[in-house]
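*Asks:* I'd like to go over a predicted model; first the sequence, then the structure.
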Amino acid sequence: MTASWHTLLDVAIRTSVIYLALLVGLRVTGKRQLAQMSTFDFVLLLIIANAVQNAMVGPDTSLAGGLVAAAVLLAWHQGIDRLRRSSRSLGRLLGGSADLLVYHGRVMHQHLERENLTIDELRQALREHGVASLDVVHMAVLEPDGAISVIRSDEIVPGRPHHRIKAVRRNE
């Protein structure tokens, strides 16, 4: 059975709505969720993927319907990526900005709360970087990609890159 243009347009519209809704939803949940996944998060991701797949293609399970959905997703992704790179303010809106978590050994508790990060998770991330005490931390920053960058006070050397922790694991 061949899909009609009306059906394929319906798939494109459904896919666009789902993509934009998920983009907003993931942006609201915070960048910490992007860099780490617990078992709970993974199960939720699988369920969401199945639910939105059904919502995107509706009754059209044809090859054409699947290809249209994939093409629309890729087009949205490419378009939003270009928008994000074209403007610094749009980049911050769509991709987020870095948040300072520790400065001169002092924890910025309001920033932890805003990012739904606990002090225990922060301490775990610091230990993964080899830091046993907050006193030796010049800065710890939650990056837009969810990674935590840590700069020790004794590592501040002009021109030397800092080290990054690629994920903060959740203790669930």
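*Replies:* The structure has been received and is ready for your questions.
*Asks:* give me the distance between the residue found closest to L134 once you drop the neighbours it is linked to in the chain and P144.
*Replies:* Excluding its sequence neighbours, the residue lying closest to L134 (Cβ to Cβ, 6 or more residues apart in numbering) is G105, at 4.8 Å. In short, each C-beta sits where N, CA and C put it, glycine included. Distance of G105 to P144, computed by Cβ to Cβ, to the nearest Å: 24 Å.
*Asks:* helix or strand for A69, which one?
*Replies:* helix 63-86 (DSSP states H and E).
*Asks:* may I see the buried residues of that helix?
*Replies:* Buried residues in helix 63-86, counted by 16 or more other Cβ atoms under 10 Å: A64, G65, G66, V68, A69, V72, W76, I80.
*Asks:* contacts for the next helix or strand after that helix next, please.
*Replies:* Proceeding N to C from helix 63-86, the next assigned helix or strand is helix 88-95, under DSSP H and E. Outside helix 88-95, the residues that touch it by Cβ atoms under 8 Å, 6 or more residues apart in numbering are L23, R27, I80, L83, R84, R85, P144.
*Asks:* what pLDDT does the third one get?
*Replies:* Here the pLDDT value assigned to I80 is 88.
*Asks:* then V168?
*Replies:* 50.
*Asks:* quick one: low-confidence parts of this structure?
*Replies:* Where the chain drops to pLDDT under 70, the residues are 1-3, 30-37, 156-172.
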